[in-house]
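Undergrad: Need coordinates for the below:
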Amino acid sequence: PGGPARPSAAAAAAGSVAALGASPAFADQIGDAAKKLADASYPFAKEVDWNNGIYLQAPGKFQPLEAVKAIDKMIVMGAQADPKLLKAAADAHHKAIGSISGPNGVTSKADWEAVNAALGRVVASVPEATVMDVYNAVSGITDPGVPAYMKSLVNGADAEKAYSAFLEFKDAVKASQVATAGPSATSPSGDAIGTAAEKLSTASYPFLKSVDWLSPIYLKPLPGVSAQKTLKAIDKAIVMGSAMDGNLLKAAAEAHHNA
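TA: Below you'll find the predicted structure:
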């Protein structure tokens with residue numbers, strides 16, 4: 001689960017699960033597994049330099065069109081996920097960002113556990129095939145030497161222990177995984193925003209066509225902006241996403257997938 005430069009989501013506290021509509025068995029199984037994962041993996045997490053700019057780099061050869069296919073799989077997964085669990089994951093990420101400390105920018109152990117639990121619940125709310133689509137698409141653009149290189153930056157024994165615990169956590173998530181995706185979003189049509197969007201699209205599409213969307217510049221950090229400063233902006237975006245209507249976020253994800 002992502003470092004400061006990543007816009008990924010994170011976890012709900014166990015006490016909020018009842019409000020999410022999840023069954024106690026579902027909550028306990030993934031929550032208990034997340035606690036075991038945190039115990040085993042937090043030493044590894046503390047060794048990772050979450051401020052490292054490497055997380056903004058392509059994981060191998062720059063392949064923008066293949067990368068966007070992988071991002072599309074992530075968008076589809078997000079659109080299928082339970083909106084309440086996504087909100088809880090966003091709230092947990094926000095809380096975890098607030099407890100970041102130390103030179104490596106690591107969150108607290110409690111928030112590390114909560115983030116993993118929330119992400120596990122999000123993953124369990126979509127079918128396994130959707131998750132594997134993301135895994136396979138990301139694997140396809142990742143240089144095979146990346147895992148060994150990343151492992152070389154931390155204590156190898158701690159990394160192995162964390163990975164072994166992650167595999168157990170994966171099994172707990174899979175045991176609670178839904179078989180089919182939920183319904184598509186419902187969204188208004190013919191409203192004032194839709195009418196304005198049509199005007200904007202007509203006026204801006206020539207500009208849109210002139211942009212080089214395949215440029216590597218989108219992977220570059222803003223000049224003079226540190227990982228910590230970037231994280232503060234990402235945190236505001238996470239909070240904004242958490243406050244939004246879950247159905248409309250789902251509709252926006254589906255629109256991005258179509259695009």
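
Undergrad: Let me know how buried Ala237 is, in neighbour terms.
TA: When neighbours are counted by other C-beta atoms under 10 Å, Ala237 registers 11. All C-beta spots, glycine's among them, are computed from the backbone N, C-alpha and C.

Undergrad: With Ala181 instead?
TA: For Ala181, the neighbour count with other C-beta under 10 Å is 16.

Undergrad: now do the one 4 residues further on
TA: Here the neighbour count serves as a burial measure; for Ala185 (other C-beta under 10 Å) it reads 18.

Undergrad: pretty sure it is touching Gly78, no?
TA: No: taking contacts as C-beta atoms under 8 Å, Ala185 lies outside contact range of Gly78: 11.4 Å.

Undergrad: The helix or strand hosting Lys199 packs against which elements?
TA: Per DSSP states H and E, Lys199 falls inside helix 192-210. Judged by 3 or more C-beta pairs under 8 Å, 6 or more residues apart in numbering; DSSP states H and E, helix 192-210 is in contact with no other helix or strand.

Undergrad: Give me the next element, helix or strand, following that helix.
TA: helix 227-243.

Undergrad: for that next one, the distance to its chain's centre please.
TA: 13 Å (C-alpha atoms, centre = their mean, to the nearest Å).

Undergrad: As PDB, could you dump the C-alpha coordinates of it?
TA: The C-alpha trace of helix 227-243 is given here as PDB (Å, rounded to 0.1, in the frame of the first residue of the first chain):
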ATOM      1  CA  ALA A 227       7.500  14.400  -1.400                       C
ATOM      2  CA  GLN A 228       6.100  15.800   1.900                       C
ATOM      3  CA  LYS A 229       4.700  18.900   0.200                       C
ATOM      4  CA  THR A 230       3.100  16.700  -2.500                       C
ATOM      5  CA  LEU A 231       1.600  14.400   0.200                       C
ATOM      6  CA  LYS A 232      -0.200  17.400   1.800                       C
ATOM      7  CA  ALA A 233      -1.900  18.100  -1.600                       C
ATOM      8  CA  ILE A 234      -2.700  14.400  -2.100                       C
ATOM      9  CA  ASP A 235      -4.200  14.400   1.400                       C
ATOM     10  CA  LYS A 236      -6.600  17.200   0.500                       C
ATOM     11  CA  ALA A 237      -7.600  15.300  -2.600                       C
ATOM     12  CA  ILE A 238      -8.300  12.200  -0.500                       C
ATOM     13  CA  VAL A 239     -10.400  14.200   2.000                       C
ATOM     14  CA  MET A 240     -12.300  15.700  -0.900                       C
ATOM     15  CA  GLY A 241     -13.000  12.300  -2.400                       C
ATOM     16  CA  SER A 242     -14.200  10.900   0.900                       C
ATOM     17  CA  ALA A 243     -16.700  13.800   1.100                       C
END
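
Undergrad: Done for today, thanks.
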